[in-house]
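> Below: sequence and its predicted model.
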Amino acid sequence: MRPVATGCPTVHVEAARRCPPAAAVAGRLLLCIGAVAVSWSAPAGAADKVRLSGLADLAFGTIGNLGLDAVRAEDVCMFSNSPTSGYHVTATGTGPGASFELSSGTDALAYDVAWNSTPGQSSGTILLPNVPLTGQTSSATQQTCNSGPATSASLIVILRSTALSSAIAGNYTGTLTLIVGPE
Amino acid sequence: MFKARLGRLVLAGILSTASIGASAATQGSLGATSTGTVSISASVPNRVQLTGVTDVAFANQDPSVAAANAQNVCVWSNTSTRGYNVTATGSGTASAFTLANGALTVPYSVEWAGSSGASSGTALAAGTALTGLTSTATSPTCSSGASSTASLIVKLSSANLMSMQAATTYTGTLTLVVAPE
């Protein structure tokens, strides 16, 4: 296989053995079109797309026992059309430096975020703010999971007892932003 | 001698029923990257905790000398002011602070100080909250930060000691309830 064009896209031309050697030369391809295979491939990653959907707000309500971790998990649809269905996920919070913090006025309540590439999970790999979690694979076959698996990953948010027991009483809110990309 | 058990841990809380405003989650679109957002909300209710209390024992007390026992305890409050109140009740009639041995009874007094290391404080009346107290505790059991935050003082006056029957053990239970403010 010999690339005859570079950049985006790349075109590969391959001549079958039964064609005269000269037939594979540019300008004579039409003379042996039935024996020439032309393939097209985009540069790695250029056409890969992802989609994250199925997100829902996470409401912990009133925390009854500050001595226990409070956990909320939800199943989401994570789709990747890369050849490996691979993706990475990056999370940022609304605390200082994109940290994972809820706020109530000037009071703060730290939380943890975990990701699991399998739905239905209540634990996963802990994410650090603004640090991609790589090497994830999606089982989704449709970009919003309308067909195939209904969900393909788990998002887990944890309020640690250490944070809860040191927090000032109040109503805390915050926004978690998730950015996914193909791999 | 009397032995007063003070080991009553009390948690009192006020649940907040206020709703928490939160925006709706947003979904990502198909693209080279995809971004979604989730709103997270949680309500931390008012909570207090009293720990570190120990039994009080006066043994072979000289009736001519007033007896006093002070101990440091941990009171934690998570309110914005770290405030709390404390209410004490005894095991005597109408929650009176009395020790007893059968029909024999003797009164004692209870004081509370909002700092540790105190040998005297504000006298408590049975069943009446002492309000306006503030804790310096940063963890519920004082496992970090201040190791104790308040003082509980139990006193037995000389006059009352003299009213006690010799070689007789008087006992009672003092219950302390703390609540957030």
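Perfect, I can see it now. Predicted, not measured: the structure shown is a model, and the values here were computed from it. Residues are numbered from 1 along each chain as shown, chains lettered A, B, ... in the order given.

> beta partners for the spatially closest residue to residue B:180 that is not a sequence neighbour?
The shortest distance from residue B:180 to any non-neighbouring residue, by CB to CB, 6 or more residues apart in numbering or on different chains, is to residue B:46 (4.0 Å). Quick note: C-beta positions are derived from backbone N, CA and C, even for glycine. As for beta bridges, residue B:46 partners with residue B:14 under DSSP bridges.

> can you pull the pLDDT of residue B:46?
Looking at residue B:46, its pLDDT is 97.

> what about it, how many neighbours?
Other residues near residue B:46 number 21, with proximity taken as other CB atoms under 10 Å in any protein chain shown.

> Equivalent analysis for the one 3 residues further on, please.
A count of nearby residues for residue B:49, using other CB under 10 Å, gives 25.

> What distance do you get for it to residue A:68?
As judged by CB to CB, to the nearest Å, residue B:49 and residue A:68 stand 14 Å apart.

> Check residue A:57 too.
22 Å.

> So for those two, which sits in the more crowded spot?
residue A:57 (18 against 13).

> Please name the nearest non-neighbouring residue to that one.
Per CB to CB, 6+ apart, closest to residue A:57 is residue B:39, 4.4 Å.

> what do you get for residue B:131?
residue B:85 (4.2 Å).

> quick one: which helix or strand includes that neighbour?
Using DSSP states H and E, residue B:85 sits in strand B:83-89.

> Specify the local secondary structure of residue A:76.
Here residue A:76 is strand, with the state taken from DSSP: H, G, I helix; E, B strand; the rest coil.

> Tell me if I'm right that it and residue A:156 touch.
No. Judged on CB atoms under 8 Å, residue A:76 makes no contact with residue A:156 at a distance of 10.7 Å.

> More neighbours: which of the two?
residue A:76 (25 against 21).

> For the more buried one, list the residues it contacts.
For residue A:76, the contact set (CB atoms under 8 Å, 6 or more residues apart in numbering or on different chains) comprises A:52-55, A:119, A:151-155, B:36.

> Contact residues of chain B facing chain A?
B:15-16, B:18, B:20-47, B:78-80, B:138-140, B:180 (CB under 8 Å from any CB of the partner chain).

> can you pull out the helices in chain A?
A:161-164 (DSSP state H).

> so what are the domain limits for it?
A:2-41, A:50-182 (automatic domain parsing).

> Which of those comes out lowest on mean pLDDT?
Looking at these, the bottom one is domain A:2-41 with a mean of 42.

> Now do the residue nearest to residue B:180 against residue B:77, distance only.
Residue B:46 is 8 Å from residue B:77, by CB to CB.

> Spit out the residues that contact the two alike.
By CB under 8 Å, 6+ apart, residue B:46 and residue B:77 have these common neighbours: residue B:180.

> quick one: the helices in chain B?
Using DSSP H, the helices found in chain B span residues B:158-163.

> where are the low-confidence patches of it?
In the predicted model of chain B, residues B:1-23 satisfy pLDDT under 70.

> tally of neighbours for the nearest residue to residue A:133 once chain neighbours are set aside?
Of all residues not flanking residue A:133 in the chain, residue A:89 sits nearest, at 5.2 Å (CB to CB, 6+ apart). Per other CB under 10 Å, the neighbour tally for residue A:89 reads 23.

> and what of residue B:80?
14.

> ok, it touching residue B:46?
No. In terms of CB under 8 Å, residue B:80 does not count as a neighbour of residue B:46; the distance is 9.4 Å.

> any shared contact partners between those two?
Taking CB under 8 Å, 6+ apart as the criterion, residue B:80 and residue B:46 both touch residue A:169.

> Contact partners for residue B:80?
A:107, A:168-170.

> Now with 10 Å, please.
Listed by CB atoms under 10 Å, 6 or more residues apart in numbering or on different chains, the contact set of residue B:80 reads A:104-107, A:168-170, B:46.

> go on, residue B:158?
Neighbours of residue B:158 in contact, by CB under 10 Å, 6+ apart: B:61-67.
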